Every structure is written in C-alpha cells, then in structure tokens.
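Chemist: Predicted model follows, preceded by the sequence.
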Amino acid sequence: MKKQPTTSAIGRREFLAATSGLLAAAVPGSEMLPHSSGFESPLPSSPVPRPSGNLRKIPIGVFDPVYEHLSLDAMLDKVTALGLEAMEIGTGGYPNNIHCPLDDLIADRTKAKAWLKKFEDR
C-alpha cells in the first residue's frame, strides 16, 4: 500500500477556525465589538488610524436574483431602504431576467428610459 504524502495545507474551515480571532482583532473598529476577538481580556483601546488623502467609496450592492420574488419597484424600494448603493441585474442565462425584460427594453426606447429612471431615482 502506497503511503499518502503529508502536506501542511489546511482546509478553509480549519484556517478560519484558527485565525478568526486574529482577523477580528485586526479589523478597524473591532474594539467596539465586545469579545469579537475571542480573547478573555479586551484589547487595549487605541484610536484607529485613518488613512490620509482622498478616500474612495466602495459601493455595496446585491445581485438581483436574491429578490426574484419581488417586482422591480418593490426590489428597488427594499434595497434602497437597506442602504445598498449598487445593483447587478441578471439579463438572462442562469439568473434569467426577472427584473430586466430585455426584448421590451430593446424594442421600445421609452420603456428603456423609464426602466433606467427607476434606478436613477433611487
């Protein structure tokens, strides 16, 4: 019987289990979360350094099939209320095109403008 080589690689679960406390301690603002690092004693509170210069905002969004059970307007109201700033809209294939009726939008420029305005208004 051939002996299996031993490797030092660990799986994703083992990595997360082994490092989650360290990662939580390294996240800016984690000192505001009680026991987020998993240590018995809290971390010493020190001001979190802020980067200088222009900060670039990263929009937080969602892929629309998550809300396939909602109409376009209801979905946009929901994600706006959640504070999300970006949407990825499925236009066919696997996610289908529940919120983007491509044939209608291509055939009628007025419908396409009205569809786009719903996103711009929110």
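Modeler: Sure thing, it's come through.
Chemist: Lys118 belongs to a helix?
Modeler: Yes: Lys118: assigned to a helix according to DSSP: H, G, I helix; E, B strand; the rest coil.
Chemist: nearest spatial neighbour of it, skipping sequence neighbours?
Modeler: The shortest distance from Lys118 to any non-neighbouring residue, by C-beta to C-beta, 6 or more residues apart in numbering, is to Leu76 (5.9 Å). Every residue, glycine included, has its C-beta placed from N, CA and C.
Chemist: For the protein, just list every one of the strands.
Modeler: Ranges of strands in the chain, per DSSP state E, are 61-63, 86-88.
Chemist: want to throw those strands into CSV with mean pLDDT?
Modeler: Below are the strands of the chain laid out as CSV (pLDDT from 0 to 100):
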stretch, mean pLDDT
strand 61-63, 88
strand 86-88, 88
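Chemist: which stretch among those strands comes nearest Asn96?
Modeler: Minimum separation from Asn96 across those (C-beta to C-beta) falls at strand 61-63, 12.0 Å.
Chemist: By mean pLDDT, which helix or strand of the chain comes out lowest?
Modeler: Ranked by mean pLDDT, DSSP states H and E, the helix or strand of the chain with the weakest confidence is helix 12-26, at a mean of 55.
Chemist: one step back: can you put the strands of the chain in TSV and add mean neighbour count and distance to Pro95?
Modeler: Compiled in TSV, the strands of the chain are given as follows (neighbours: other C-beta atoms under 10 Å; distance: least, C-beta to C-beta, whole Å):
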stretch	mean neighbour count	distance to Pro95
strand 61-63	13	7
strand 86-88	14	9
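Chemist: Where does pLDDT dip in this protein?
Modeler: Applying pLDDT under 70 to the chain picks out residues 1-53.
Chemist: ok, back up a step: distance check, the residue nearest to Lys118 against Pro95.
Modeler: 17 Å (C-beta to C-beta, to the nearest Å).
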